[in-house]
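Participant: I need the structure of the sequence given here:
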Amino acid sequence: MVTLSARATDDSVSKLAEDAGCARGLDWIAKNSAWVTEQQIRLSEIPAPEFGEAERGKALAAIFQAAGLKVRTDETGNVIGESAGSQPGVVLLVAHLDTVFPAGTDVSVRRDGNHLVGPGISDNAAGLAALAGLARALSESRVRTKKTIALAGDVGEEGEGNLRGIRALVESYGSRLASVVAVDGPSTDYITTQGIASRRFEVTVNGPGGHSWSDFGEPNPITAIARGIVKFSAIRIPDNPRSSFNFGVIEGGTSVNSIPSRASVKVDLRSEDESELSRLEKALQDAMSAGVREEIAWSAPGANNETLSRVNPFNMDFKPIGSRPAGKLPSDSPLLATIRSVDSYLGNRARLERSSTDANIPLSLGIPAIAVGGGGKGGGSHTPEEWYDPAGRDLGLKRLYLAAIALAGLDR
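Facilitator: Predicted coordinates:
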């Protein structure tokens with residue numbers, strides 16, 4: 001039965017590609033890879049730091065508008081372009097607007113042989129460019145679908161954005177949402193079907209501060225945090241369930257010859273299992289508290305525990321700054337069968353992957369969702385030397401185009 005069902009889906013994708021309207025869209029994709037690359041460069045060179053995506057969103061909205069989509073920007077800052085369907089239901093394709101790079105970063109794109117190099121050129125200008133190409137291909141095809149196809153550039157995927165953009169989109173569409181495809185990065189060799197849970201924290205230690213010479217021996221918030229980091233970094237991280245941690249930002253102090261009165265660290269914890277994530281969170285709290293105690297003990301040699309607790313000059317704050325729920329697409333999901341069938345038609349081979357993307361939110365709510373790349377190749381993600389190679393871009397665009405129409409249903 002499974003084999004027959006898969007063959008039927010493969011046949012339907014083949015027939016879909018032969019439809020005159022769909023064929024026009026595929027032909028446009030084959031001939032306009034250079035145009036899509038131009039849009040990618042233009043979008044990538046518009047700064048979009050966390051909570052500062054508006055200008056890039058305006059540029060994407062203009063592309064959607066020119067393609068004839070019904071365009072709006074919601075209160076959260078998401079830019080949405082819709083190709084209306086004849087029946088209820090929405091197929092959402094979403095790519096995040098924001099980057100990990102702070103305001104003031106030089107985001108100009110340079111060419112290095114066949115590569116485009118610049119912060120965010122792959123993550124996620126590649127995804128945004130794919131939406132731009134998809135909007136034009138749908139316009140050129142003039143196909144009508146049963147479900148509405150919605151393309152969205154969303155905010156808040158990176159860093160402390162806490163997936164606020166996709167949360168708002170899922171809430172807005174509600175029960176109309178049939179499936180979600182997150183377009184994240186370029187690669188076509190994966191299908192993310194499992195969302196990895198993550199929790200993010202900011203640990204802040206406040207103290208009296210002082211002069212590096214005259215007040216030497218006073219407890220130092222930076223040293224307390226450093227002790228905590230070393231302690232936590234020594235704990236065992238399991239391979240199964242796969243888990244990770246990262247101390248990503250450390251801040252504090254005013255000058256080299258001053259004992260700081262404040263220091264903080266931001267931490268990212270991830271795991272395939274929520275219970276393991278809770279264990280890591282508790283271990284982090286314990287390690288940072290132990291680091292504070294050790295720093296106080298160092299500054300007051302010979303003092304007993306009762307004395308140390310009474311004279312504690314520190315105040316430690318352990319604040320959550322983000323949480324991403326886990327979720328997994330069932331192996332027998334029609335969404336997975338559709339993208340597999342599209343891959344079969346296009347001759348593309350893709351493995352199943354686990355990651356933390358916009359797909360986490362719909363997956364956690366039982367809404368069918370995957371994350372895929374927009375086409376081409378890339379590397380150096382989250383670094384200033386991030387790169388993108390447009391070779392193979394049309395494969396990614398055709399993949400998204402056929403999947404979107406197949407999921408929405410051709411209205412003949």
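Participant: Give the pairing partners of the strand or helix carrying V71; include direction for each.
Facilitator: Using DSSP states H and E, V71 falls within strand 70-73. Applying DSSP bridges, strand 70-73 is found paired with strand 79-83 (antiparallel).
Participant: Would you mind giving the orientation angle of the next helix or strand after the strand it pairs with with respect to strand 79-83?
Facilitator: Next helix or strand after strand 79-83 toward the C-terminus (DSSP H and E): strand 90-96. Using axes from the mean of the first three to the mean of the last three C-alpha atoms, to 10 degrees, the direction of strand 90-96 lies 150 degrees away from that of strand 79-83.
Participant: Tell me the helices and strands packed up against whichever helix or strand comes after strand 90-96.
Facilitator: Following strand 90-96 in sequence order, the next helix or strand is strand 110-112 (DSSP H and E). When contacts are defined as 3 or more C-beta pairs under 8 Å, 6 or more residues apart in numbering; DSSP states H and E, strand 110-112 packs onto strand 115-117. All C-beta atoms are positioned from the backbone trio N, CA, C, and that covers glycine.
Participant: How far away from the center of its chain is the strand holding V71?
Facilitator: Chain-centre distance of strand 70-73: 22 Å, with C-alpha atoms, centre = their mean, to the nearest Å.
Participant: Which residue is the nearest non-sequential neighbour of N114?
Facilitator: Using C-beta to C-beta, 6 or more residues apart in numbering and skipping residues adjacent in sequence, the residue nearest N114 is D389, 5.5 Å away.
Participant: In contact with that neighbour, which residues are there?
Facilitator: Contact analysis of D389 by C-beta atoms under 8 Å, 6 or more residues apart in numbering lists 114-116, 376-378.
Participant: any idea how far it is from M288?
Facilitator: D389 sits 42 Å away from M288, going by C-beta to C-beta, to the nearest Å.
Participant: Likewise for L335?
Facilitator: L335 sits 41 Å away from M288, going by C-beta to C-beta.
Participant: Repeat that for A369.
Facilitator: 35 Å.
Participant: just V256 next, same as before
Facilitator: As judged by C-beta to C-beta, V256 and M288 stand 24 Å apart.
Participant: same check, this time on G104
Facilitator: In terms of C-beta to C-beta, G104 sits 30 Å off from M288.
Participant: More neighbours: which of those two?
Facilitator: Per other C-beta atoms under 10 Å, whichever of G104 and M288 has more neighbours is M288, with 25 against 8.
Participant: Okay, and the beta partners of the residue nearest to N114?
Facilitator: According to DSSP bridges, beta-bridge pairing links D389 with K377.
Participant: mind checking pLDDT for it?
Facilitator: On pLDDT, D389 comes in at 98.
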